[in-house]
Structure formats: structure tokens, C-alpha cells
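Peer 1: Okay, sequence plus prediction incoming.
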Amino acid sequence: MPVILYKPTTPGRRHAGVLKPELTKKRPEKNLVRGAKKSGGRNFQGKITVRHRGGGAKRLLRTVDFKRHKFDIVARVAALEYDPGRTANLALLHYIDGAKSYIVAPDGLKVGDKVLSSRQQIEIKVGNRLPLKFVPAGLQVHNIELSPGFGGVMVRSAGSWATLMSLEAGQARLKLPSGEIRSVSENCLATIGQVSNVDHINVRLGKAGRMRYLGIKPTVRGKAMNPVDHPHGGGEGNQPIGLKHPKTPWGKPALGVPTRKANRASNRFIISRRKRRIE
């Protein structure tokens, strides 16, 4: 999916890039969408807990099947569609028993292809879903389960993939896109291939307005604020922040500081942590 660059007729167009769509269907399935209510970054008390959220274009949420528990039933790819709620594209599946569902589309999947999900050993091809114990080492997989039967939660964004490194003692060792090496049960399901929309990373929005369409509001630098508003604020003119590490507006370390809990139960399955910017 190549990135289109237009003539710089306006300052916003000069550095903007738009993906050339390779989609085959514009309107989503009515039975597989629901309305999306926006929170504006606020919790149930009405307090802002996530800053810089608000506005944006209206969206319809697609119901995506991350489990694919219709085992051993062949499905045909009926369409490739856009999803406003994620960076990857979706594939609309028509099962031979009449059911329909959305899945995260792998790269290279085409309309008319047949895909299958199974707990047994099946053909290794893009779009098929099976337990990791039947996947050859070195293969690219995505939409991976952390616990058998709970549905895929890892490696679902555009262009991403994980590499199956080895199988030993009932565990599958995976190298994730972040660089982390993690073990999961060999009975966890995974889909063969790389996630679609690979060129998403090359898109440049070009202007602030396109960020507002996405529901992202402007971010103000801490050093541009007053001391009462931010630890970096104050001073005459421009000064460095004067701290060993950057801080959040609430005085906690920011930018690259690990936030994972030390006593989290799944820590024992992490073989090698991803690289940290601040040690």
C-alpha cells in the first residue's frame, strides 16, 4: 500500500502523506458495528485522567473476532476494510455455515482466499490460526494469546509481527516487536503472517488538523508553563529543565521509565526485557 505525496499547494500538503487504499468495501457490516461513545480522557467521575484527548471524527466500532473459535470451519475472505479504531485493516470472513466476522487482516491476504482456524495441525499459510506448538520455528505470527482460549492480545498493530524462536518444555519462546523475549504456553493460538497496512508508519499527517480528526488535542511543553503548573516551568527566558530526568506534571519520572509492577504474576515468563531508554 504505497504512500501518496501530493503537490505542495498548501503548507499542510507540503509534508503530508496519504495511504493509497487497497480496500474493497467502504461500508461496514451493519450487524458487526456499534456506536462509540467518547470519554474525552475523563473517568466515571468526570475527571481528566488521560490528557490531550477530545473531539475527533465520529466512529463506528467494529466487532473484531480475536479468538476465532469457529474451529475447522473454512472461511472465505469477502472483503478488506478500513477500521477507524486501529491502524491495521480488517478482513471480513464469510463462513460456510453462514456466519460472518471481522479479523485483523494479515499482509498478503486477498479477497477470495480461504482461511481456517483449528486446534490441530493444519496448513501453514497466511491467515490460518493454530496453536504455537504446530508452528515451525522462525515463522512470523501475530494476534497471539497470552493464555489459551482467552483470545489474541499481542501483536495486533499495523505492520507488526512476532517471531517464534523455539519450543521447549511446553512453552513457546517469542520475540515481540518491542524486542522483549517472552514465553507463552505452546497451546496458545496465533495467526500466521505479518499484520496488514505495513506502510502506516510512513504516513505523515502534515498538519495539526489531521491530529484533531483523530481526537488528539495539542500538547504544551512543561518548560513553557509556570512553576505552579509543571515541575519544568518558570524562569526568565529559556532554561533547561534542571533535573536529572524529565518529570510529569505530578513530579513522577517520565520518558522511558519502567512502570511495570515488580510483583506482577506474568513477570516470570519474560526471558529478556525490551531495551530501556533510561536505566
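Peer 2: It's in. Numbers count the residues shown, from 1 in each chain.

Peer 1: what about this structure, any weak spots by pLDDT?
Peer 2: The chain contains residues with pLDDT under 70 at 1, 276-279.

Peer 1: Apply 80 and report the result again.
Peer 2: Scanning the chain with the threshold set as pLDDT under 80 gives 1, 21, 275-279.

Peer 1: top helix in it by residue count?
Peer 2: Longest helix in the chain by number of residues (criterion: DSSP state H): helix 208-213.

Peer 1: Return the list of helices and strands in contact with that helix.
Peer 2: Applying 3 or more C-beta pairs under 8 Å, 6 or more residues apart in numbering; DSSP states H and E, we find helix 208-213 packed against no helix or strand. No exception for glycine: its C-beta is placed from N, CA and C like everyone else's.

Peer 1: And the contacts of that helix?
Peer 2: Identification of contacts with helix 208-213 by C-beta atoms under 8 Å, 6 or more residues apart in numbering yields 12, 16, 55-57, 205, 218.

Peer 1: next SSE after that helix?
Peer 2: Where DSSP states H and E defines the elements, the next helix or strand beyond helix 208-213 is strand 270-272.

Peer 1: quick one: that following strand to chain centroid distance?
Peer 2: In terms of C-alpha atoms, centre = their mean, to the nearest Å, the centre of strand 270-272 is found 21 Å from the chain centre.

Peer 1: can you pull out the helices in the stretch 1-150 of the chain?
Peer 2: Per DSSP state H, counting those that start in this stretch, the stretch 1-150 of the chain carries helices over the ranges 11-14.

Peer 1: ok, of the contacts of helix 208-213, which come out buried?
Peer 2: 16, 56, 205 (16 or more other C-beta atoms under 10 Å).

Peer 1: List the contacts of the second one.
Peer 2: To tie it back to what came earlier, the one meant is G56. For G56, the contact set (C-beta under 8 Å, 6+ apart) comprises 38, 212-216.

Peer 1: let's see it at 10 Å
Peer 2: By C-beta atoms under 10 Å, 6 or more residues apart in numbering, the contact set of G56 is 36, 38, 40, 84, 211-217.

Peer 1: Which single one of the residues you listed is nearest to P227?
Peer 2: Comparing the contacts of G56 against P227 with C-beta to C-beta places K217 closest, at 23.4 Å.

Peer 1: which one is the closest one nearest to, not counting chain neighbours?
Peer 2: H52 (4.7 Å; C-beta to C-beta, 6 or more residues apart in numbering).

Peer 1: so who does the one you found touch?
Peer 2: With contact set as C-beta under 10 Å, 6+ apart, H52 has these partners: 41, 211, 215-220.

Peer 1: closest to G151 among the contacts of G56?
Peer 2: Once C-beta to C-beta is applied, the member of these that ends up nearest G151 is A36, at 20.2 Å.

Peer 1: tally of neighbours for the closest one?
Peer 2: 13 (other C-beta atoms under 10 Å).

Peer 1: Isn't P258 up against N267?
Peer 2: No - the pair P258 and N267 fails to qualify as a contact (C-beta atoms under 10 Å) at a distance of 11.5 Å.

Peer 1: Now do the shared contacts for these two.
Peer 2: With C-beta under 10 Å, 6+ apart as the test, P258 and N267 both reach R273.

Peer 1: What is the neighbour count of V195?
Peer 2: Neighbour number of V195 under other C-beta under 10 Å is 26.

Peer 1: among the contacts of H52, which two are most distant?
Peer 2: By the measure C-beta to C-beta, G215 and V220 form the most distant pair in the contacts of H52, at 17.5 Å.

Peer 1: more crowded one of those two?
Peer 2: G215 (16 against 12).

Peer 1: Now do the contacts for the more buried one.
Peer 2: Applying C-beta under 10 Å, 6+ apart, the residues near G215 are 38, 40-41, 52-57, 59.

Peer 1: of all the residues you listed, which comes closest to A158?
Peer 2: Minimum distance to A158 across those is 17.0 Å, recorded for R59 (C-beta to C-beta).
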